[in-house]
Every structure is written in structure tokens, then in C-alpha cells.
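Asks: Let's see this in three dimensions:
(2 chains)
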2 protein chains.
Amino acid sequence: MPVTDIATRVYNHGWRLDPVVRSLLDTDFYKLLMLQMIRHLHPDVQATFSLINRSKSLRLADVIDETELREQLDHARTVRFSKKELIWLAGNSFYGKQRMFAPDFIEWLADFQLPDYELRTIDGQFELQFEGPWTHTTMWEIPALAIVNELRSRAGLKGKGRFELDVLYARAKAKLWEKVERLRQLPDLVISDFGTRRRHSFLWQRWCVEALKEGLGTRFIGSSNVLLAMDNDLEAIGTNAHELPMVLAALAEDDAGVAAAPYLVLGEWRAHYDGNLLIALPDAFGTTAFLRDAPDWLADWTGFRPDSMPPIEGGEQIIAWWEAHGRDPRTKLLIFSDGMDVDSIEAAYRHFHGRVRMSFGWGTNLTNDFRGCDPDGGHELEPISLVAKVTSANGRHAVKLSDNPSKATGDPAEIERYLRIFGQDGRVQQVVAV
Amino acid sequence: MPVTDIATRVYNHGWRLDPVVRSLLDTDFYKLLMLQMIRHLHPDVQATFSLINRSKSLRLADVIDETELREQLDHARTVRFSKKELIWLAGNSFYGKQRMFAPDFIEWLADFQLPDYELRTIDGQFELQFEGPWTHTTMWEIPALAIVNELRSRAGLKGKGRFELDVLYARAKAKLWEKVERLRQLPDLVISDFGTRRRHSFLWQRWCVEALKEGLGTRFIGSSNVLLAMDNDLEAIGTNAHELPMVLAALAEDDAGVAAAPYLVLGEWRAHYDGNLLIALPDAFGTTAFLRDAPDWLADWTGFRPDSMPPIEGGEQIIAWWEAHGRDPRTKLLIFSDGMDVDSIEAAYRHFHGRVRMSFGWGTNLTNDFRGCDPDGGHELEPISLVAKVTSANGRHAVKLSDNPSKATGDPAEIERYLRIFGQDGRVQQVVAV
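Replies: Residues are numbered from 1 along each chain as shown, chains lettered A, B, ... in the order given. A predicted model of the protein is given here:
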């Protein structure tokens, strides 16, 4: 039996708060890439981000105490980039490139603080909104999701006995390791951790990342979590997200401007980044429509990240598009990242192997898969479908159609308008699990 | 009672080795400053460093197992600078200066490995020597001392019960905190941690540094330990050491060259560094002799680090020298770093306050003061006087006279010769406690 370390015990029990977010690098890498561009091109745009619980049957505010949530959000607002973190951002190479972040951007980050939030509880759900400059509200997406998800995990763990907790984590570890053993069978697998926003907890994500590093070796190429990438000498992974076309479309003056927005984003992006960062995300307003109207030069980009369309169907559409543009798909890259787990990774890997380069971003089912692990048989630790999306830009509604109508977000009348602009082609209703 | 974490327990008990040195930044900052200069000016000099146990009555090899010592030395040779560490060295500012370390030096560090060692046990003492290029053997000084000291601590802790250990560390913490409370009474105190080489253990040094950071606030300016400075966003502190004049004197062709060596070092140093790094270490061959023959331009330097002369006597000699050169001592800096503890810090502070700027480097008595803490009443954890000194350069004897004849090192005949060259003025025998 170990000695009880009295000082540590008293210190632990005296904690006002066990923070979920202790570093502003505890975010996804693509937020930093996008932020640098947003600050450069759109410094005056006001954007509102909102928490959206797609698992509507779960009354989140009945599970998480609002005061606790406020304490965590308030704490995150006190965190600043540390000197060591800024030095690393400035000095590390990303995607093989030195000085990815310009000195004036790093200087600007030194003063960065998460902006204020608005939180209300209505009918068992939280209304959590972040209003202000896009350059600031965008940075709430990941910490807000990580905080709500971890507080939900903590609520689900409360009241469990010591041995129950021990068994719970033992099962989760065993479950992840079985997945690792299956993935090891895929010799050319390229996979990374995309699980920050939906993780069970920070410590659990760290365990998962370290387990993949040991278990998958060179098949595991890195983490989207910048802090974990830094601390484990891993590559930071990520490119861009739906908020870029969503905001540019919202800012457009007319329907033609909305239709052009997804390609305007590509132009802005290639003016800032190159090489393996030239990855297009085609599904904000439907992949089929995106490919139909895409400019020829997009075929020169490194690849696509099909997101909300089923992986095989999305990949086939993109491969057909490359071939129609006279490109050899074997030189191109597809990044699959939508709710992937071992089954769908294996299926996509086997289906496309040899025809195209592939990379997998493994998220919720990596860092928050406690299904069947609870010794009480409860479901409180199973993941829910929670997102934080941009909902308006300069006072206008922002919309996402997605390839899956269940994932559409925005004002219903605006969704109708966007559907008229982009069409319904290729959109297929699917159950959103995570 | 906490749950026994079976996985952690098995992992801990299965350790082949609990390494003392896990990072090449776990060294004193001045080694890196000196190394950059040595590599630039003296890349071909061969230098031997040797472990010297000045506490001769302690038969170290009876306390520390030679095999364990070899395992730790071998492990240190496997450690490389990590990417994160090199990025930090390149990107951090030191002494207010950006890019202190040149890019080609950082690149060279990326391949750096500690060179081989020779270890024999003779009559209860270790003969531990490092032979090879000065650019490599110099880097053994701190890790070799830290390893031997921590292995001695571990030997002293072996066999103690759980509660004995708990009480031991509780006493040591209380003892340090009493010192902190006394030092807080000195409003203009400027103090830093110089305790890496003689520390009880790495974890204990880290505790001490974090305690000073919390307890002394801005009075605590940083740590000579580069790793702890990085991890705690503290300043890395340090300038230069005796090995520079010792090697240059050893390389001299005749007595005149030996006499000129201490000033040749100063010229080399000021060609590489400036500002608050212009600190002269006067006592390698006696402070009195050094000041007598020092060039006038040295009065333009920021300050001195009187080392082996009693602080007040050394400080007074230096102040008199500044005044004789028409300088106002109140604009100058004295750094006291020889076996300081609270009593001697208070005495020097009170004696010189208002007459000169002061800074204290607190070493052994900060990071290894377990006197009176052992519940068994033993003395195994009290610090010993262990050094690692350069003993030859390009095959010639290297000598240190010091202000204290008890601290002289080198071949007896050579010591006699150096005493003829520099004289005996001002040298006073004192007991070497640590």
C-alpha cells in the first residue's frame, strides 16, 4: 500500500477547479492555419459560433452543472500562449516547412485571449454562443467542445467506486488495443489522431495518442492536437474546415456570390499554403455540386478530404473527377475523417488500396469509445454528436448543407435558398452516430 | 486507500533503469555558452575531465555500485537533444538577446552525443575520466556529477521505510521553506538556482526551483538548469567557468603564456558575448593576482563572479579595483556563488547593500541540504564536495590554484610552477564544506 502523500492529497482536495483546458495549444492544428489566414484577409469580419447538440434526446443541462461549465469557460479565458509554446510554433517545422507562421502572427498570438461567451439554459439544453471578431470566436470551437465533453464524462464517472473506475479504464484500454492490433494488419495504413473536440478527457486522449505511437509505429503520422504533437515530438496534422466556405458564402451579396464562395476559399488558401496543405474540403454545400463546378486548376492540388459523404461513395466521385481532368489518382491523396472507426477504415483501405493515396483522421471513435465499458451497464459515457459551428457572419446567417441532410446547420429559410443554389444532387440521409 | 494501478505498478517494477539524466538540457547554461565558443575557437583541443572527490574520507565506491554507475553513464550517452529542445534553444531569448546560439551550432548539437568514459575503482574511490575533444568532454561535467550525487542519494534512501521517507522529505521541504522566509526579508535580493551538479536528485531540484518561484517571486530570477528553465518559463542563468583559463594556461608554451591566459580568455569571451554576460571569474589562479594584472578595459565589463574567496573579502577587493579604475561600483554587478547559504547570503547582502549590485547563485545548499532531516540520524544524505575538473589539455597538465589552497587541483609540480607565476597573495586556506 503506498503512503498517502498528505500534501498532495490536501492540495488535490483543495482545488477550486481541475481545468479541462490548460493550454491554448490544446486545440486542432487547422484552427491555427485558418486563423493566420483569417487574420490576414478578414480581420474585420464578425462571426458567431454556437454550440449545437445534435443528440437532441440528451438534455445536456440536466447532466452538466451550469456553474461548473461557466468556471471551465472562465478558466479557459485566463489561459495565454506561453513563451515556450510560441517559440515552438515559430521554430518547429510543419508539413516539412519552416516558419509556417509569420513572426507578426506569433506576436499577435502572444496577446491572444479567448473572447467572452453567452450561456443560457433553455429546456434542458445549453445555449452557448461566442460573438465577436472571427479572429477570436473561431478559437473557441475546440476548447468549448472539449470542455462540454469532458464535463459530461466527469458527470458520468461521479459516484462510481474505485474498482469500477479501474475496470472501466481497463476495458477502454483493452478495446483500443484490439483496434490497434487490427489496424496493424494494414501495411500501408497512414493514420492520425483527430479526436480532440470529442475526447472523453484530455488525459485519456493523451493515453490514446501515446498508445498509437507505440502500437502503430510509422503508420501513425501525428495528432491534430497541437499540444500533444509538441509534447510527443509528433507531427501536427490538419488543413482547413467548413467555417471558411460558410463565412464567405454568408458574406456574399447575392446567389452568384454564394455559389462562388467555395472556390473563393480555395483561391485564398493557395495564396497562403502549399504542398500537402493543398487539400480541398468539398462537402460544405454538397460534394457533387462542388465537383461539378470546380475549376480545372483544383486538379493540381494534393487531394481532398471527403467528409460527410460515405467514404467509398465520396472517394469514387472524387477519383472520377480526377480522371475526368486527366490526373492519375495514384498520385493524389484522400483524407477520410468523418466518424471513422476500424470497420470503415478497413473497408475504405481495402476498397481504394493501390488506386489512390489515403490517410485517415481518427476522431471520436479513437478518443471517446467507452461503449460497453461501463461496469454498471450505463450509457452516460458513450459519445454524443456535439458540434460548435459558425452560425452568422457580419449579422447574416451562415449555412452548412453537408452531404448528409442530418448534418445541415443554419436558418431553415436560408438552407432552402442554398439548396436552390447548389442543388440536391448526391445528398443522402444517414444516421449521425458521432 | 487509493486503488493500486496494476499496470503502472508492473511497469515501474519492470524498469531496467530509472535514469538520472533524461535530457541533454539537464545541464548548466554556462556549458552551452562556453561550448559554442570552444567549438568556434578551439575545435581541435583535446581535454580530459576527471571526477575528483574532495571528501576523501567518504569511500564513494563502497556506497555506489559500479555497475549501476555504468548503467547511468551508458544511458546518458544514448540521450540526444530532442527537436523541441533545439527549437527552444534557437527561438528563446537569453539574457534579453535573440538568437544567442548560431544556427550552425544548433545543427551541430542535433548530432551531439556524450563521448565514452573510463571508469575504474581503486581503493574505494572511482577513477572516472572523460578523454577526447574538449567540445565533447566538457559536456560530461554536469551529468557526471548529477549521476554520482543522485546514485549516492538513492543508496542513502535504500532500506528506509515509507514513513521515514515521508518524514525525511517533509523535513527537507520545511527546512527549505524556512530559508525562503528568511530570504523574503531582503527586499532587493536577486537570486538564482545553481544547484544542478550537486543536487540530491532531479525531482528534488525541480521541487526546490518551483518552491523558489512561488516563494520568492521576482527576487528569484531563474535557474542555471536549462531544462528546468525551459519547462518553467524561467530565465536560464550562467556565464563561464574555470575550465576556460585552465585550458588556455595549459596550452601556453611558456610561463609568460600561462600568466597571460586569464586575460586571453576575457578577449575571446567578449568577442562572442556582451551585456550581462560580460562577467569575469577572477579566481582560477588567485583573485589578487588576477586584479593586479588585469587590463583597464575589464573595468567596462558588467561585473565579476568572485568564487573561492570569502564573499566579503572578495567583493571588497573587486570594489577597490573598480574604484582605482574610476568606476562607480553601484553600476557594477557582483555574483556570489561559492557554497552560499542563507547566512552568507544575508551577510553579503547587508554588507554590500547600496554599494554594488549583487546577485546570488545558490547551489548545493539549495538543492541538497538534508542535514538533520534523516529520521535515522544518519549522515548518508549530507552533501559531499565532488567536482569534475579539466585535468589536461592536449596532453599537458591543467591546473587550478583558486583562492583557497584546499580547492587547488592538478599535478603538484605544476601547482608549484603556477604559484611561482601568479604568487600567493590573497590565498587563504578555508574548510571546503560543499
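Asks: For the rest of this, base every contact and every neighbour count on C-alpha atoms.
Replies: OK.
Asks: Which is the succeeding secondary structure element to the helix or strand residue A:365 falls within?
Replies: Per DSSP states H and E: residue A:365 is located in helix A:364-367. Moving toward the C-terminus from helix A:364-367, the next helix or strand (DSSP H and E) is strand A:386-393.
Asks: can you pull the buried residues of that next one?
Replies: By 16 or more other Cα atoms under 10 Å in any protein chain shown, the buried positions in strand A:386-393 come out as A:386-393.
Asks: Which secondary structure elements does that strand sit against?
Replies: strand A:47-53, helix A:141-157, helix A:243-251 (3 or more Cα pairs under 8 Å, 6 or more residues apart in numbering or on different chains; DSSP states H and E).
Asks: quick one: the last one to strand A:386-393, angle?
Replies: Helix A:243-251 and strand A:386-393 are oriented at 30 degrees to each other (axes from the mean of the first three to the mean of the last three Cα atoms, to 10 degrees).
Asks: Compute the inter-axis angle for helix A:243-251 and strand A:47-53.
Replies: Going by the same axes, to 10 degrees, helix A:243-251 makes 120 degrees with strand A:47-53.
Asks: gap between residue A:181 and residue A:208?
Replies: Computed as Cα to Cα, to the nearest Å, the residue A:181 to residue A:208 distance reads 14 Å.
Asks: Who has more neighbours out of those two?
Replies: When neighbours are counted by other Cα atoms under 10 Å in any protein chain shown, residue A:181 and residue A:208 differ, and residue A:208 comes out ahead with 22 against 12.
Asks: so the more buried one makes contact with residue A:368?
Replies: No - the criterion here is Cα atoms under 8 Å, and residue A:208 misses it with residue A:368 at 9.6 Å.
Asks: what bits of chain A have low per-residue confidence?
Replies: Judged by pLDDT under 70, chain A has its weakly predicted residues at A:1-15, A:434.
Asks: can you give me the strands for the stretch 151-300 of chain A?
Replies: Under the criterion DSSP state E, counting those that start in this stretch, the stretch 151-300 of chain A carries strands at the ranges A:191-193, A:220-223, A:235-236, A:279-280.
Asks: JSON lines please, covering these and showing mean neighbour count and distance to residue B:38.
Replies: As requested, these are exported to JSON lines (neighbours: other Cα atoms under 10 Å in any protein chain shown; distance: least, Cα to Cα, whole Å):
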{"stretch": "strand A:191-193", "mean neighbour count": "25", "distance to residue B:38": "43"}
{"stretch": "strand A:220-223", "mean neighbour count": "24", "distance to residue B:38": "38"}
{"stretch": "strand A:235-236", "mean neighbour count": "23", "distance to residue B:38": "34"}
{"stretch": "strand A:279-280", "mean neighbour count": "24", "distance to residue B:38": "47"}
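Asks: Residues of the stretch 151-300 of chain A that sit close to chain B?
Replies: Within the stretch 151-300 of chain A, the positions adjacent to chain B are A:162-163, A:166, A:230-231, A:233 by Cα under 8 Å from any Cα of the partner chain.
Asks: Excluding chain neighbours, what is closest to residue A:323?
Replies: The spatially closest residue to residue A:323, leaving aside those adjacent along the chain, is residue A:329, at 7.1 Å (Cα to Cα, 6 or more residues apart in numbering or on different chains).
Asks: count of neighbours near that neighbour?
Replies: The burial count for residue A:329: 19, using other Cα under 10 Å.
Asks: Name all residues that make contact with it.
Replies: A:319, A:322-323, A:355-357 (Cα atoms under 8 Å, 6 or more residues apart in numbering or on different chains).
Asks: Just flag the most distant two among these.
Replies: Spatially, the most separated pair among the contacts of residue A:329 is A:323 and A:357, at 14.5 Å (Cα to Cα).
Asks: which of those two has more neighbours?
Replies: Neighbour count, other Cα under 10 Å: between residue A:323 and residue A:357, residue A:357 has more, with 19 against 13.
Asks: Would you agree that one is in contact with residue A:336?
Replies: No - under the criterion of Cα under 8 Å, residue A:357 makes no contact with residue A:336, lying 11.0 Å away.
Asks: Dig out what the nearest residue to residue A:116 once chain neighbours are set aside forms beta bridges with.
Replies: Leaving aside its sequence neighbours, residue A:116 sits nearest to residue A:130 (Cα to Cα, 6+ apart; 6.7 Å). Beta-bridge partners for residue A:130, by DSSP bridges, are residue A:49.
Asks: What count of nearby residues applies to residue A:130?
Replies: 27.
Asks: Ok, residue A:431 next?
Replies: Residue A:431 has 10 neighbours, counted by other Cα under 10 Å.
Asks: quick one, phi/psi of it?
Replies: Phi and psi for residue A:431, reported as degrees, to the nearest 10, are phi -70, psi 130.
Asks: Can you name the residues that contact the closest residue to it other than its chain neighbours?
Replies: Leaving aside its sequence neighbours, residue A:431 sits nearest to residue A:406 (Cα to Cα, 6+ apart; 7.2 Å). By Cα under 8 Å, 6+ apart, the contact list for residue A:406 reads A:429-432.
Asks: Same question for residue A:29.
Replies: So residue A:29 contacts A:224-226, A:236-239 (Cα under 8 Å, 6+ apart).
Asks: Next, it: phi, psi?
Replies: Backbone phi and psi, for residue A:29 under degrees, to the nearest 10, turn out to be phi -60, psi -40.
Asks: Quick check: the gap between it and chain B.
Replies: Computed as Cα to the nearest Cα, to the nearest Å, the residue A:29 to chain B distance reads 17 Å.
Asks: Same question for residue A:307.
Replies: On the measure of Cα to the nearest Cα, residue A:307 and chain B end up 33 Å apart.
Asks: can you give me phi and psi for that residue?
Replies: Dihedral angles for residue A:307 - degrees, to the nearest 10 - are phi -120, psi -60.
Asks: what's the closest of the strands of the stretch 151-300 of chain A to residue B:82?
Replies: strand A:235-236 (13.8 Å).
Asks: Can you show me the CA trace of stretch A:106-119 as PDB?
Replies: Output of stretch A:106-119 as PDB, limited to C-alpha atoms (Å, rounded to 0.1, in the frame of the first residue of the first chain):
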ATOM      1  CA  ILE A 106       3.200  34.800 -33.500                       C
ATOM      2  CA  GLU A 107       3.500  38.300 -31.800                       C
ATOM      3  CA  TRP A 108      -0.200  38.700 -32.200                       C
ATOM      4  CA  LEU A 109      -0.800  35.300 -30.600                       C
ATOM      5  CA  ALA A 110       1.200  36.400 -27.500                       C
ATOM      6  CA  ASP A 111      -1.700  38.700 -26.600                       C
ATOM      7  CA  PHE A 112      -4.500  36.400 -27.600                       C
ATOM      8  CA  GLN A 113      -7.300  35.700 -25.200                       C
ATOM      9  CA  LEU A 114     -10.500  33.800 -25.800                       C
ATOM     10  CA  PRO A 115     -13.300  36.300 -26.000                       C
ATOM     11  CA  ASP A 116     -16.400  36.400 -23.800                       C
ATOM     12  CA  TYR A 117     -19.300  33.900 -24.200                       C
ATOM     13  CA  GLU A 118     -23.000  33.900 -23.700                       C
ATOM     14  CA  LEU A 119     -24.500  31.000 -21.900                       C
END
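Asks: Which residues are in contact with the nearest residue to residue A:197 once chain neighbours are set aside?
Replies: In space, and not counting its chain neighbours, residue A:197 is closest to residue A:146: 4.8 Å by Cα to Cα, 6+ apart. Residue A:146 sits next to A:20-21, A:196-199, A:201 when contact means Cα under 8 Å, 6+ apart.
Asks: Noted, bye for now.
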